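Engineer: generate a structure from the sequence data that follows.
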Amino acid sequence: MKDQFVNYITQFQNSITSQLEKVDGKAIFIEDLWKRPEGGGGRSRIIENGAVFEKGGVNTSEVFGKLPESMQRYFGVEEADFFACGLSLVLHPVNPFVPTVHANWRYFELYDAKGNIVTQWFGGGQDLTPYYLFEEDARHFHTVCKRSCDAHHPNFYEHYKKRCDEYFYNAHRKEARGIGGLFFDYLKETESMSMQQWYEFITETGNNFLNSYLPIVEKRKSTPYSEENRYWQEIRRGRYVEFNLVHDKGTLFGLKTNGRIESILMSLPPKVQWKYNHQPKPGSEEEKLINVLKNPKDWV
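Structural biologist: You can find the predicted model right below:
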């Protein structure tokens, strides 16, 4: 399974970066190959200062070795070897009317002392973080997510949408990071779902990802905006940074397994502000967004 998934994310990275370069029309992805001393490595591709994308990354990794003690305690196991691979992407647009997007698809194996697989699972998802709320964009993004889920189980969308709302939540702010999408983790073999079936579900969501995001980019990328709009975008980006550094499991896993710091933190936006006790004006479009972030909606 791991060879099958590594091949998928390798080809998937090529497809995504080529399509995003066409949409941007100015910047291209810079490739950075790296190796992890304990085993494995990755291929980071970064785009910056584009016509559409101010900063973004589409990274693949394939790492293995001894599970660090901190992660042994987390998984409740004694000394063990692991293998993990995945593709992770974050895109921060220039225009504040274009939302930031995040997605990842990953696979994990844990081995006993004899090298036998003790457990294996898939994880991943995708979520949208707008700075200004266009309800038709939210409905489009969630409709594509639901379509991917419905092809495999009628209850998947409702379940993984709820998980996403719960996960991408800044508890210290009592607000969601964005308007959600899908979040799934520890997708293991069961009587009703084989690992191959989980693979087909994961890759279905991946293959449909750009269909959920690019139509929104094309619709909003030329919208005129003011310095005030950019200011609000940078304030909201601060909330994005807070989530990634305080709550995100992927960031913490990378740091605790001696992952490559530049690749782990590529998700952080280039320009951010933390204004003391900033409050949107009553009745404004900014306040409209905050109200939704405090009370997640059903979009489809």
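Engineer: mind listing the residues bridging to the closest residue to Leu33 other than its chain neighbours?
Structural biologist: In space, and not counting its chain neighbours, Leu33 is closest to Arg43: 5.6 Å by C-beta to C-beta, 6 or more residues apart in numbering. Placement of C-beta: from N, CA and C, glycine included. Beta-bridge pairing for Arg43 (DSSP bridges): Leu33, Thr60.
Engineer: quick one: contacts for Arg43?
Structural biologist: By C-beta atoms under 8 Å, 6 or more residues apart in numbering, the contact list for Arg43 reads Thr10, Gln13, Glu31, Asp32, Leu33, Trp34, Asn59, Thr60, Ser61.
Engineer: run the last query once more with 10 Å
Structural biologist: By C-beta atoms under 10 Å, 6 or more residues apart in numbering, the contact set of Arg43 is 9-10, 13-14, 31-34, 58-62, 87, 263.
Engineer: list buried residues within the residues you listed.
Structural biologist: The neighbour count (16 or more other C-beta atoms under 10 Å) marks Ile9, Gln13, Asp32, Val58, Asn59, Thr60, Ser61, Glu62, Leu87, Ser263 as buried among the contacts of Arg43.
Engineer: including pLDDT and distance to Gln72, could those go into CSV?
Structural biologist: Below are the buried ones among the contacts of Arg43 laid out as CSV (pLDDT from 0 to 100; distance: C-beta to C-beta, whole Å):
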residue, pLDDT, distance to Gln72
Ile9, 98, 26
Gln13, 98, 30
Asp32, 93, 30
Val58, 97, 31
Asn59, 96, 26
Thr60, 96, 26
Ser61, 93, 20
Glu62, 95, 21
Leu87, 97, 26
Ser263, 78, 23
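Engineer: turn these into TSV, columns for distance to Met71.
Structural biologist: Converted to TSV, the buried ones among the contacts of Arg43 look like this (distance: C-beta to C-beta, whole Å):
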residue	distance to Met71
Ile9	22
Gln13	25
Asp32	25
Val58	25
Asn59	20
Thr60	21
Ser61	16
Glu62	17
Leu87	21
Ser263	18
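Engineer: now, which of these sits nearest Cys164?
Structural biologist: Cys164 lies nearest to Leu87 out of the buried ones among the contacts of Arg43, by C-beta to C-beta, at 17.9 Å.
Engineer: fine by me, thanks again.
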